[in-house]
Structures are given as C-alpha cells and as structure tokens.
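Student: Requesting a structural model of the entry that follows:
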Amino acid sequence: MERSKKKTRYDETLIVVILILAAIGLVLLYSTSAYNGRVKFQDSLYYLKKQGFATVLGLLGMAFIAQIDYHRWIPLSIPGYLTAIALSVAVILFGDEYNGSKRWLSLGPFSFQPSEFAKVAVILFLAWLVSKNVKKMHKFRTLILMMLPVLPIVGLVGASNLSTAIIILGIAVVLIFVASPKYSQFIWMASVGIAFMGVFLAMESYRLERIAIWQHPEQYEKGYQTLQGLYAIGSGGLFGRGLGNSVQKLGFLPEAQNDMIFSIICEELGLVGAGIIILLFLILIWRLFVTASKAPDLLGALIASGAMAHMMIQVILNIAVVTNTIPNTGITLPFISYGGTSVMFLLLEMGLVLNVSSLVQ
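Tutor: All right, here's what the predicted structure looks like:
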C-alpha cells in the first residue's frame with residue numbers, strides 16, 4: 001500500500017516545465033509557421049493542427065507510461081532496439097525524401113521519423129545492458145563491448161541524419177560514463193569517437209562542404225539559410241519585434257518552423273524571450289538530473305540520465321547551429337520545432353522519467 005502511494009508522487013516541477021514548454025512550443029510554432037501554411041496549403045493553421053495532434057497524443061502517452069513501472073519495459077528493450085535497426089534499414093531502402101534528406105517512412109497518410117524512436121530504444125536498451133554488466137564496468141574491454149551494439153544504429157541513422165547519429169552516440173557515452181568508476185578510460189573512448197567521426201565526415205563530400213559553408217556562409221548559396229537566421233537574431237535586439245511580427249519568417253528564412261525556429265524566437269521575443277526559453281530547458285535538464293541522482297536503482301538512474309543527455313545535447317546542438325557556432329546539421333529544438341514524431345517520442349520519454357521520479361524514496 002505504501003509503494004502505491006509513492007507511485008503517485010511525481011516530480012511536479014518536471015511536469016509543470018514539460019507542460020509549459022509544450023504549450024509555448026505550440027504558440028511559437030503557430031507564430032512562425034502561419035505564413036508558410038497559408039502560402040503552401042492555404043491554411044495558416046496547417047502546421048499547428050498537425051503539431052497539436054501529435055502533442056495531445058504524446059501527452060496522453062506520457063500520462064499512461066508514467067503509471068507503468070519502468071522495470072516492465074526492460075523485456076522489450078532488445079526487441080525495441082532490433083526494431084529501431086530494422087526501421088533504419090527500411091528508411092535507407094524505402095524512405096521518403098524531403099528537402100534532400102531521406103529520413104521518413106510513410107504508412108498510408110501518416111509519415112514518421114524512425115530515428116526519433118531509435119533514441120528512446122537506445123536509452124532503454126543501454127540502460128538494461130549497462131545495469132546488467134555494472135560489476136565489470138571498471139574494465140576498458142567492457143566499455144568497448146557496451147559501445148559496440150550501438151554502432152550499427154549510429155551508422156544506419158547517420159547515413160541520412162548525422163545530427164541524430166551524434167545524439168544517439170552522445171546518449172550512449174553518457175550512460176556508460178555514469179556507470180563507469182574509471183573516468184580516465186573515456187580519454188581513449190573520446191579518441192576513438194573523434195577518429196570515427198572523422199572517417200564518417202570524409203565518407204560524404206557534402207559533409208565536408210558544410211564545414212566550408214559554416215566558415216564562410218556568405219560565399220555559398222547553401223549558406224543563405226544561416227545568414228537569414230543570423231539576420232533574424234540580430235534584428236531582435238533586447239526585447240524583440242513582438243510575437244507574430246517577425247519579418248524573416250515571411251519567405252526570407254526557408255522552412256522557419258523547423259530547425260531555425262530559435263532565430264525567429266530571438267527576432268520576435270528578443271534576447272530576453274530567448275533567455276526565458278533557455279532557462280526553461282535548464283530547469284528541465286536540472287530536474288532530469290535530480291531524478292537520475294535520486295533514482296531507486298541504477299536502471300532508473302540510467303533511464304533518467306539518458307533522457308537528460310538527449311535533451312541537453314539536442315538543445316545545445318540546435319542553438320549552436322542557429323547561431324552558426326557549429327556547422328549546420330539539421331536538428332530540431334525539442335518541444336518547439338515542427339515535427340510530430342519528435343514531440344510525441346519526447347513526451348513518451350518524459351513519461352518514463354516521470355515514473356522513475358514517482359519511485360524516488
């Protein structure tokens with residue numbers, strides 16, 4: 001009876017910040033996408049309706065998963081990971097291509113990105129694998145053996161979506177790091193990872209071209225989006241032009257509702273508004289860290305740590321790309337950028353963490 005009472009004690013701060021981010025995300029998405037929706041689909045609500053539907057499904061799924069003991073998902077971790085690999089292969093063979101990237105699978109009228117499912121599948125799979133081998137984590141050989149099963153999904157996803165492959169690799173490194181008693185071993189792992197990324201970048205000429213565009217966006221036609229995003233950020237000033245008053249979203253910044261939405265946030269809400277959005281993400285990451293620190297067992301700690309790593313890496317990469325701090329990798333801002341698959345699986349992932357928080361002593 002006492003255990004069932006504890007299950008209802010979710011992290012209230014975590015719930016509130018998730019709901020705030022989801023709500024703000026819909027408002028900002030509508031503000032950014034209304035013009036594109038009206039021009040392309042004669043419906044200014046087009047993007048909002050699709051994102052709203054995915055958000056509602058995600059919230060319902062989050063509420064459902066939050067009530068299920070996270071240990072019950074472990075028998076599905078291996079089938080889930082194998083499914084992620086199969087879906088990634090299907091994308092390469094049968095995937096739909098949009099804006100030059102093959103990342104989607106279509107099932108009738110619905111399309112989704114298997115790479116978003118892969119992130120959650122990797123967190124569960126590695127949480128199970130690492131917790132099962134925790135007594136041997138002091139051995140460098142064990143660290144390598146923990147990484148090897150993740151490389152196939154990294155390679156398959158990275159073939160069409162380098163940014164998501166980096167996130168998955170980052171999640172894996174964080175989970176192994178959390179369980180490892182010897183941090184010095186990660187110097188070798190980092191060296192191997194850098195070498196792997198170097199080979200991966202050299203395999204496709206367009207990836208090296210992105211580095212050149214990053215250094216001199218004004219000299220390349222493909223640097224147009226980056227320049228327009230920087231114009232949006234610069235014109236926002238301290239308090240912005242006002243919600244809905246962006247100029248860059250009116251056809252100047254292509255697909256503004258996707259990866260570059262943070263630049264429109266800066267233009268409309270200014271440095272202050274962008275700072276508030278970043279603060280909300282920091283609070284979310286902090287609560288994920290607290291849940292991981294206080295989790296009842298290693299498995300729960302690893303699940304929360306994986307979600308924390310996912311959120312942290314994706315937010316940092318998106319903002320770094322928008323501000324041209326790193327080369328453009330095409331990555332969404334969690335809860336805010338347009339992408340039904342992304343927001344839905346993010347919320348399902350948050351449901352897992354909420355269940356871990358409900359079991360904290």
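Student: Do I have it right that Gly95 meets Phe112?
Tutor: No - in this structure, Gly95 is not within contact of Phe112 by Cβ atoms under 8 Å, at 10.8 Å. The C-beta positions use only the backbone N, C-alpha and C, and glycine is treated the same way.
Student: C-alpha coordinates for the one helix or strand Ala86 maps to, CSV please?
Tutor: Using DSSP states H and E, Ala86 falls within helix 77-94. Included here for helix 77-94 are C-alpha records, laid out as CSV according to Å, rounded to 0.1, in the frame of the first residue of the first chain:
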residue,chain,number,x,y,z
SER,A,77,14.4,-3.4,-24.7
ILE,A,78,16.1,-5.9,-27.1
PRO,A,79,13.1,-6.2,-29.4
GLY,A,80,12.7,-2.4,-29.4
TYR,A,81,16.4,-1.9,-30.3
LEU,A,82,16.2,-4.5,-33.1
THR,A,83,13.0,-2.8,-34.4
ALA,A,84,14.9,0.5,-34.4
ILE,A,85,17.6,-1.1,-36.6
ALA,A,86,15.0,-2.6,-38.9
LEU,A,87,13.2,0.7,-39.3
SER,A,88,16.5,2.5,-40.0
VAL,A,89,17.3,-0.1,-42.8
ALA,A,90,13.8,0.5,-44.1
VAL,A,91,14.4,4.2,-44.3
ILE,A,92,17.5,3.6,-46.5
LEU,A,93,15.6,1.3,-48.8
PHE,A,94,12.1,2.7,-48.9
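Student: about what we covered before: can you list residues touching both of Gly95 and Phe112?
Tutor: Residues touching both Gly95 and Phe112 (Cβ atoms under 8 Å, 6 or more residues apart in numbering): Trp104, Leu105.
Student: What count of nearby residues applies to Phe289?
Tutor: Other residues lying near Phe289 total 14 when counted by other Cβ atoms under 10 Å.
Student: What residues does it make contact with?
Tutor: When contacts are counted by Cβ under 8 Å, 6+ apart, Phe289 touches Ala304, Met308.
Student: hmm, try it at 10 Å
Tutor: Phe289 makes contacts with Ala304, Ser305, Met308, Met312, as judged by Cβ atoms under 10 Å, 6 or more residues apart in numbering.
Student: where along the stretch 101-250 of the chain do the strands fall?
Tutor: Using DSSP state E, counting those that start in this stretch, the strands of the stretch 101-250 of the chain run over 101-107, 110-112.
Student: and the longest one with helix 77-94, angle?
Tutor: It stands for strand 101-107. Put simply, strand 101-107 runs at 110 degrees to helix 77-94, going by axes from the mean of the first three to the mean of the last three Cα atoms, to 10 degrees.
Student: Just list what strand 101-107 packs against, helices and strands only.
Tutor: helix 77-94, strand 96-98, strand 110-112, helix 114-132, helix 340-358 (3 or more Cβ pairs under 10 Å, 6 or more residues apart in numbering; DSSP states H and E).
Student: by contact count, what packs against the second one?
Tutor: Packing contacts for strand 96-98, counted by 3+ Cβ pairs under 10 Å, 6+ apart, involve strand 101-107.
Student: could I get the strand it packs on in PDB with only the CA atoms?
Tutor: This file holds the C-alpha atoms of strand 101-107, laid out as PDB (Å, rounded to 0.1, in the frame of the first residue of the first chain):
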ATOM      1  CA  SER A 101      17.200  14.200 -46.800                       C
ATOM      2  CA  LYS A 102      15.800  10.700 -46.600                       C
ATOM      3  CA  ARG A 103      14.600  10.400 -43.000                       C
ATOM      4  CA  TRP A 104      10.900   9.500 -43.200                       C
ATOM      5  CA  LEU A 105       8.800   6.300 -43.600                       C
ATOM      6  CA  SER A 106       5.200   6.600 -44.800                       C
ATOM      7  CA  LEU A 107       2.300   4.300 -43.600                       C
END
